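Engineer: one predicted model, sequence on top.
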Amino acid sequence: MTFVPVWGGIIACYLFLAGLGGGAFITASLVKRMHPEATGVVRVGRVIAPIVVIVGLCLLMVDARGGLYNPLRFVFLLTNPGSVMTWGVVILAVFVLAALIVLLMDLIGKNEAPAWLVWVGNVFGILTAAYTGVLLGVVNTFPLWNNALLPVLFIVSALSTGMAAVMLGGLITCPEQVKGMVDLTKVHLVLPAIEIVLFFFLLFIVAHVSTAGAASVAAMVSGGYALAFWVGIMAVGLVIPLVIEIRALRSGDNRGLAIAGDVGVLIGGYLVRYIIIVAALPVVLL
Amino acid sequence: MSDDTRTIWSHCTVNCGARCPLLFHVRDGRIIWVEGASAHDGALPDGGASPAASVPQPRPCLRGRTVRRWIESPHRLRYPQRRVGARGEGRFERITWDEALDDISTRLRHTIDTYGNEAVYVAYGTGVHATTGRCFERLVNLLGGHLGRYNDYSTAQIAAAMPYTYGEADAFTASPLIEAASARLIVNFGNSPAETSMGGAGGSRDFSWVREVSGARIYQVDYRLTETCTGHPDEWLPIRPGTDAALVSAIAHELVVNDWIDQDFLDAYTIGFDDTTMPMHLRGQNLGYRDYLLGTGYDGMPKTPEWAAPITQIPAESIRRLARDVGTIRPLFVMQGWGPQRHSNGELTARAIAMLPLLTGQVGLPGTSTGSHEASSDRLIADLPSGPNPVKARISCFTWTDAVSRGTEMTAESDGVRGVDRLSTNIKFIWSYAGNCLTNQHGGINMVHDILVDESLCESIIVTDTVMTDSARYADILLPDVMRMEQTSMACQGESEWYQGVTFGQKVVDAPGECRTSYDVCAALARRFGLWQRFTRERSQEEWIAHLYEEARDRDHGLPSYEDGVAMGHYSRALPTTVALADFRRDPAAHPLSTPSGKAEIFSESLARKATAWKLPEGEVMSPLPIYDAGFEGWDRATDEYPLICAGYHDKARAHSSFGSIESLKQACPHRLWINPIDAQPRGIVSDDRVRVSSRYGTVEVLARVTRRIIPGTVGLAQGAWHEADMVGDRVDVGGCINTLTSLHPSPLAKGNGVHTNLVQVRLCKR
Amino acid sequence: MARYGMLINTKKCIGCYTCLVACHRQNNLLPTENFIRFEERETGTYPNVGVENIPLQCMHCEDAPCAAVCPTGATYIGPGGVVAVEEGRCIGCKYCMAACPYQVRVVNESTGTVDKCRFCTVTATDGTKTCSCVEACLTGARTFGDLDDPESDVSKAIVELNAKPIAGDLTKAKIFYVR
Ligand SMILES: Nc1nc2c(c(=O)[nH]1)N[C@H]1C(S)=C(S)[C@@H](COP(=O)(O)OP(=O)(O)OC[C@H]3O[C@@H](n4cnc5c(=O)[nH]c(N)nc54)[C@H](O)[C@@H]3O)O[C@H]1N2
Ligand SMILES: Nc1nc2c(c(=O)[nH]1)N[C@H]1C(S)=C(S)[C@@H](COP(=O)(O)OP(=O)(O)OC[C@H]3O[C@@H](n4cnc5c(=O)[nH]c(N)nc54)[C@H](O)[C@@H]3O)O[C@H]1N2
Ligand code: SF4
Ligand code: SF4
Ligand code: SF4
Ligand code: SF4
Ligand code: SF4
Ligand SMILES: [Mo]
């Protein structure tokens, strides 16, 4: 029997946006600390963070048709404290709330959001990113998901995509502020590198623990998803942005290239979620 | 169960051989669900209990359980219709019943007056099995009769051939499947009860019970690893289709050279094995079976396992192993399905398989059979009598298309016409009731189409069905029938189970639109011919059913009263197992067979005479001995253009074309062409690819199922899928009906449908 | 309280799908809603081909991972150890489908909720004597009953035929297979 993945592009998008939102919030906090003058960039991050997570949640509800047709059922979401998805709902709710208040205060501009609230946002931003990985990670059915590396990979990818989104927004709305954030560029450079390493570890381990794992990895690296994996994730999402950043460090900024690199990171980030969701094969029963 | 729900008994009517009682749960005039008799008895009794000792549990299969989707199908025919546009185009207009009946009676009158009764043909059709399921024959016989037919699409070759071995009276004699429980070795040729005898109290359960209690070694000779072997794949002996007689010959050769034959039995009970029992005037001419086997016969070829291996695709060692088992393990139960005989050489195959029990003397003893299909029990209730048919002429049922296009050329010797030497007229009027045999189930659909669209040939086609079938598209007048669940209907147990039963079907729900029962339709036609009195005997259909039942009860006092029966809904009783030809075995003189010699005839002199008298086309073989011949269009005629064999089979998704449009069944059992990886790979085909299968006669498109469960070099396509082609365009059948690929060429002796013999090419459709 | 379970004898199963269709009607399911999933397994190379028809359905795991992950509590372990779905709570998030290693949960295309085998004897309100799939089986390949009662048909058959869960201790499954 050919296995039909339980989830598809919509849930991948949800996981991607949730991670991106968390990452964007943290990026904004980082920028604020390291380059307080870059208020435009900070604002971009704070606008992006809650919005993408809310959009993600909406996608989740669209995919959960049972609830979509009977919205009152979403109330039950809080009833199983043992479920990672229940935690996720709590985490995302707190995060969205915190991020929204921070944003509102920022927009109204009277007084700065209190530091503790920003910290709540930061912590729940990380938790949001981690949750997307743990959600998959606790599922025994799929060896590709069921390992400790996946949440780590998702956190790194979340930070990376969050940062890319903020930089992208910055490059479009206030390019002059982005210039000279060399330190951030370095972080921006390290993340894809770590991701590549993590990814290969993940694949290596998964491929060696079980037949289903090996089959999933094969589907990614040499099977039906090979194009998306090598071109989409590896080239467009990781290596090319890396090269662009290195080049930027050496020979100065190039706005066009920088935009391309960040778009690449976003595409790659989405594909990471998508491919991990659809390429996962269940444990072999027989 | 809520109180406003009623349960009403009726029965499944289609031709899978089982006729299961069905229990309908009805609320507010709508069926809410359907279940079987077993709903009350719970699970099947476990292993130990013999089906003959326990209460029969005729349980419906997946199809019967979906019958509600058929009854409520949006595609039900609701009103009488008349063709508009060209024949076969499928365009109709609604008319009234009076218009329809007037039109039909005018056409019938005209046909009989102009061409005579021999021009009236009642097509084969098996969609309704019930005591009042065939009414038109009764009417037309009162009108002077109709062109008769003999044999059928199921058993043409074995029915024609087996009488030469066992005699007309015992052509179908065999032990029931449950007798195999006493056997130590079971050899089953092309017979898959798990598919063809699924429901009822039936074959599939009997077989699984036999396997459990007998501990017998089982060989299942088939080109596919059938569902009957699933869980027991080691039983499968893959064979190239159409070559069973070669396998039998090689086994027989081994039996002879190892002296595993029962010479005493052969001498006492058979003729023609060797000169000892050859008819006097034929001795000394090396005409016997022994000579054929040892290479001293007509073809000078010893039938060694090495000879058979390249023919059958079975390695010589495997043949030797099987031969040793056949030669040494007793009791031996040999049976055949009707798959091996539905081939262009099926007559030879059918008789050949019966050679194994004969050579080993494994006939008429406990745990044995005759090598024929397993037995089925007698029905308790007689059908509505058709009355005598005044027309003597009969054709083999598969040759009706010939009788339409060139009937007056058809003779006894050239086309197997019976009753007369030559037909006096072509068929001009066809009545098709509850059949899809004009096209879908007949053969060579593209050629049939060309014959039927020519209105100068057959002038009138009347079709009665419940849904718009491919055959129905060719109707001039199309009548909507009431399904059996929508009227009072009585049915007996089917043909494949060893028990007896009667279902007292009651009307479950109303029929849609203006559907009319065929009894009422025929009675109304009879009135137009002034025959109402004689047709009905002033009985309604219900009264006929009660009357036929009471007649049976006069003979069989074990039956419950009609009222009790109706209250019970379903009556059944187990039958004790029996051994075929036990009397003959015990005392052959007192209980001779109905062959000319009174013995089992290995060499048939009457067949030898027929072989010389008949005019056979080039390449066709008829032999007094059960020899092997590949048959026309057999595997040895494969070409580069058509390198693969394509055989058919009956599968669980449908009973023929019946149930063929039920979505949930299509979902559960998708229609796919079986193809071995060895044949699929070079063609770049993987499972669920769309492929084109072409023969000399047509092209179908189906999904592929790449599987090791089929012998290489052969592809398998289940019969019965609904033909679906643009007949004015490319004629490519995207429904995947195997009869788009088959030929109209009848088999030599039976003049039957050898439709399991086909040569094809398979190609991948563009992805 | 009983602890319900089932035995499926793949040596007897002919893959006829009658149980599937009977289940459809018992539970009033859509044609696409298959509580029984057939795994047809081919092994070996021609002509030494092995074939098994394995009907899979909810194993009513005692440690049901589907219930563990269900965020709404729609999936729960009910009386008799029957793992059940309360449709009115299910949001259709499909997390349970991901968590079920046997892939025997299905989406109801019209409601968007997720469902699965209900061990319908126990849950039926129509007086059905045994699960429809058991009653309908053409070959007697299925046996249902109380695993805690050593005298039940199913307990005896499990011992006699040495039946085992399909995938070892992947979960604490309550359907036992003869293979
Ligand atoms: N290639 C190939 N062709 C074959 C075979 C094969 O193995 N290979 N098998 C052959 C065999 S063995 C047989 S028996 C024939 C069977 O061929 P058919 O006798 O044509 O059988 P069905 O296709 O089931 O057609 C029965 C028709 O009856 C209709 N029907 C069902 N119930 C009712 C009812 O209550 N009233 C009316 N009026 N109609 C009803 C159904 O809708 C259906 O159209 O096919 C033969 N054709
Ligand atoms: N589910 C279902 N059951 C049915 C029917 C149906 O349509 N569907 N039709 C009913 C009717 S009317 C009839 S007549 C019977 C038909 O019953 P059969 O004629 O016995 O059925 P087939 O499937 O044609 O053939 C039986 C087996 O023979 C195999 N076979 C084909 N050719 C050869 C060969 O040359 N040699 C060997 N050794 N094996 C071969 C096929 O693979 C198949 O497994 O079934 C009845 N039962
Ligand atoms: S198709 Fe045959 S086995 Fe199935 S329910 Fe109808 S009569 Fe019974
Ligand atoms: S088999 Fe699957 S659906 Fe059933 S209880 Fe176990 S995990 Fe849940
Ligand atoms: S789909 Fe329904 S039953 Fe499954 S986990 Fe989500 S809410 Fe629970
Ligand atoms: S126990 Fe009931 S619900 Fe479960 S598969 Fe069998 S029939 Fe369906
Ligand atoms: S009804 Fe019985 S034999 Fe048929 S598929 Fe189901 S379990 Fe197997
Ligand atoms: Mo038939």
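Structural biologist: Received it, and whenever you're ready, just let me know what you need. Everything numeric here is computed off the predicted structure, so don't read it as measured data. Ligands and ions are numbered 1, 2, ... in the order given.

Engineer: for residue B:677, grab the count of nearby residues.
Structural biologist: If you count neighbours by other CB atoms under 10 Å in any protein chain shown, residue B:677 ends up with 17. C-beta here means a position set from N, CA and C on the backbone, and glycine is covered the same way.

Engineer: contacting residues around the one residue sitting closest to the centre of chain C?
Structural biologist: The residue lying closest to the centre of chain C (CA atoms, centre = their mean) is residue C:57, at 2.9 Å. Neighbouring residues of residue C:57 by CB atoms under 8 Å, 6 or more residues apart in numbering or on different chains: C:35, C:36, C:37, C:104, C:116, C:117, C:133, C:175.

Engineer: okay, and which of the residues you listed map to strands?
Structural biologist: In this view, the contacts of residue C:57 that belong to strands under DSSP state E are C:37, C:175.

Engineer: closest one of the contacts of residue C:57 to ligand 3?
Structural biologist: Within the contacts of residue C:57, the smallest distance to ligand 3 is 16.0 Å, found for residue C:133 (CB to the nearest ligand atom).

Engineer: for the residue nearest to that closest one when sequence neighbours are not counted, phi and psi?
Structural biologist: Leaving aside its sequence neighbours, residue C:133 sits nearest to residue C:19 (CB to CB, 6 or more residues apart in numbering or on different chains; 3.6 Å). Residue C:19 adopts backbone torsions of phi -60, psi -40, taken as degrees, to the nearest 10.

Engineer: show me the contacts for residue C:19.
Structural biologist: By CB under 8 Å, 6+ apart, residue C:19 lies in contact with C:36, C:55, C:132, C:133, C:134, C:136, C:137, C:142.

Engineer: residues contacting the closest residue to residue B:417 other than its chain neighbours?
Structural biologist: Using CB to CB, 6+ apart and skipping the chain neighbours, the partner closest in space to residue B:417 is residue B:410 (5.2 Å). Residues near residue B:410 by CB under 8 Å, 6+ apart: B:395, B:399, B:402, B:403, B:417, B:422, B:423.

Engineer: of those, which belong to strands?
Structural biologist: Cross-referencing the contacts of residue B:410 against strands under DSSP E gives residue B:395.

Engineer: export the contacts of residue B:410 as a markdown table, with columns for pLDDT and neighbour count.
Structural biologist: Shown next, in a markdown table, are the contacts of residue B:410 (pLDDT from 0 to 100; neighbours: other CB atoms under 10 Å in any protein chain shown):
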| residue | pLDDT | neighbour count |
| --- | --- | --- |
| B:395 | 98 | 26 |
| B:399 | 98 | 20 |
| B:402 | 98 | 23 |
| B:403 | 98 | 26 |
| B:417 | 98 | 24 |
| B:422 | 97 | 15 |
| B:423 | 98 | 24 |
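
Engineer: so the residue nearest to residue C:133 versus ligand 3, what's the distance?
Structural biologist: Here residue C:19 is placed at a distance of 14 Å from ligand 3 (CB to the nearest ligand atom, to the nearest Å).

Engineer: just residue B:252 next, same as before
Structural biologist: Using CB to the nearest ligand atom, we find residue B:252 at a distance of 36 Å from ligand 3.

Engineer: using the three-state scheme, assign that residue.
Structural biologist: Put simply, residue B:252 is helix when judged by DSSP: H, G, I helix; E, B strand; the rest coil.

Engineer: could you count how many residues lie near it?
Structural biologist: Count around residue B:252 with other CB under 10 Å applied: 30.

Engineer: what's near enough to touch it?
Structural biologist: Residue B:252 makes contact with B:289, B:293, B:303, B:355, B:356, B:359 under the criterion CB under 8 Å, 6+ apart.

Engineer: can you narrow those down to the ones near ligand 1?
Structural biologist: Among the contacts of residue B:252, none lies close to ligand 1 by the criterion of CB under 6 Å from any ligand atom.

Engineer: what's the closest of those to residue A:101?
Structural biologist: Set against residue A:101, the nearest of the contacts of residue B:252 by CB to CB is residue B:356 (88.8 Å).

Engineer: contact partners for the closest residue to that closest one other than its chain neighbours?
Structural biologist: Excluding its sequence neighbours, the residue lying closest to residue B:356 (CB to CB, 6+ apart) is residue B:334, at 4.7 Å. Residue B:334 makes contact with B:186-189, B:353-354, B:356-357, B:362, B:368-371, according to CB under 8 Å, 6+ apart.

Engineer: tell me the SS of residue B:334?
Structural biologist: At residue B:334 the chain is in strand, as set by three-state DSSP.

Engineer: measure it to residue B:372 for me?
Structural biologist: Distance, residue B:334 to residue B:372, using CB to CB, to the nearest Å: 9 Å.

Engineer: and the helices in the stretch 151-300 of chain B, which stretches?
Structural biologist: Under the criterion DSSP state H, counting those that start in this stretch, the stretch 151-300 of chain B contains helices at B:156-166, B:193-196, B:203-214, B:244-257, B:263-269, B:289-294.
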